[in-house]
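Colleague: this one's sequence-less:
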């Protein structure tokens, strides 16, 4: 799971949700899909949290660009 990029995990999660919503498959298959979906959702959240942390860190860094006097 750790090797999945955000887009890969998101796309697979969409597929899992589609299968679950279709209502086809056995109870065992549905449970396995549910578990996979939970893991994929957690992976997506990890990516989003990491992106948020990077953005917050970048925004909190002092601006080293020279002030050109324009606002």
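Modeller: Thanks, I have the structure now. The shown structure was predicted, so the numbers you read here are calculated from the model rather than taken from an experiment. Numbers count the residues shown, from 1 in each chain.

Colleague: C-alpha only now, for contacts and for neighbours.
Modeller: Will do.

Colleague: pLDDT below threshold where in the chain?
Modeller: Applying pLDDT under 70 to the chain flags the ranges 63-71.

Colleague: in space, what's closest to the residue nearest the centre of it - neighbours in sequence excluded?
Modeller: The centroid of the chain falls nearest to residue 44 when counting by C-alpha atoms, centre = their mean (2.0 Å). Excluding the flanking residues, the one nearest residue 44 by C-alpha to C-alpha, 6 or more residues apart in numbering is residue 6, at 5.6 Å.

Colleague: as a check, name the ranges of all strands in the protein.
Modeller: Per DSSP state E, the chain carries no strands over any range.

Colleague: identify, by residue count, the longest helix of it.
Modeller: When the chain is parsed with DSSP state H, its longest helix is helix 27-60.

Colleague: how far does that one sit from its chain's centre?
Modeller: 4 Å (C-alpha atoms, centre = their mean, to the nearest Å).

Colleague: still on that earlier bit, state the distance from the residue nearest to residue 44 to residue 42.
Modeller: Relative to residue 42, residue 6 is positioned 11 Å away (C-alpha to C-alpha, to the nearest Å).

Colleague: try residue 8
Modeller: 13 Å.

Colleague: how much space separates residue 22 from residue 30?
Modeller: 10 Å.

Colleague: higher neighbour count, those two?
Modeller: Ranked by neighbour count (other C-alpha atoms under 10 Å), residue 22 and residue 30 place residue 30 first, with 17 against 9.

Colleague: give me the nearest residue to the more buried one, chain neighbours excluded.
Modeller: Leaving aside its sequence neighbours, residue 30 sits nearest to residue 20 (C-alpha to C-alpha, 6+ apart; 6.4 Å).

Colleague: now do residue 4
Modeller: Leaving aside its sequence neighbours, residue 4 sits nearest to residue 43 (C-alpha to C-alpha, 6+ apart; 7.9 Å).

Colleague: hmm, residue 2 and that neighbour touching each other?
Modeller: Yes: judged on C-alpha atoms under 8 Å, residue 43 makes contact with residue 2 at a distance of 7.5 Å.

Colleague: quick one: residue 18 from residue 41, how far?
Modeller: Between residue 18 and residue 41 the computed distance is 14 Å (C-alpha to C-alpha).

Colleague: many thanks, I have nothing further to ask.
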